[in-house]
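Visitor: the sequence isn't on hand, but the structure is:
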């Protein structure tokens, strides 16, 4: 396959995976990030932004370190699962995420975003 086609295939797949992750993640959370962000809720933006960055770092590592397209897809799917599971565990341990995010507690949103970003970096390192 010509290099430009391989580039486009990987780029479009990565963008599609981010979109799929966005939909899955926003359905799993107990609050509506998009509505909250539209209303100016920075805590929701910090939390969602960190999660998207964490997943994107995992995808970037999968692109750098895998030998083929299907391997990349597999690592990307695994990265999605890890991010969702970590969110579920973290919010259970913190036991108040819905109230804190909806109340626009920026510190709490930043913490959730940092947790997601941290796990994304660790996940990315594991792929290498």
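Guide: Happy to help now that I have it. Fair warning: this is a prediction, and the values are worked out from it, not measured in the lab.
Visitor: in the host helix or strand of residue 117, what counts as buried?
Guide: Using DSSP states H and E, residue 117 sits within helix 106-127. The neighbour-count check on helix 106-127 (16 or more other Cβ atoms under 10 Å) flags 106, 108-113, 115-117, 119-120, 123-124, 127 as buried. C-beta here means a position set from N, CA and C on the backbone, and glycine is covered the same way.
Visitor: can you check stretch 68-84 too?
Guide: 72, 75, 76, 79, 80, 82, 83, 84.
Visitor: and stretch 31-43, by the same measure?
Guide: Buried residues in stretch 31-43, counting neighbours by 16+ other Cβ under 10 Å, are found at 31, 33, 36, 37, 41, 43.
Visitor: residues in contact with stretch 17-36?
Guide: Residues outside stretch 17-36 that contact it (Cβ atoms under 8 Å, 6 or more residues apart in numbering): 43-45, 47-48, 51-52, 55-56, 59, 73, 76-77, 80, 83-84, 87-88, 91, 97-98, 101-102, 104.
Visitor: for the helix or strand of the chain with the lowest mean pLDDT, packing partners?
Guide: When the helices and strands of the chain are compared on mean pLDDT, DSSP states H and E, helix 97-102 comes out lowest with a mean of 91. Applying 3 or more Cβ pairs under 8 Å, 6 or more residues apart in numbering; DSSP states H and E, one finds that helix 97-102 contacts helix 42-65, helix 69-94, helix 106-127.
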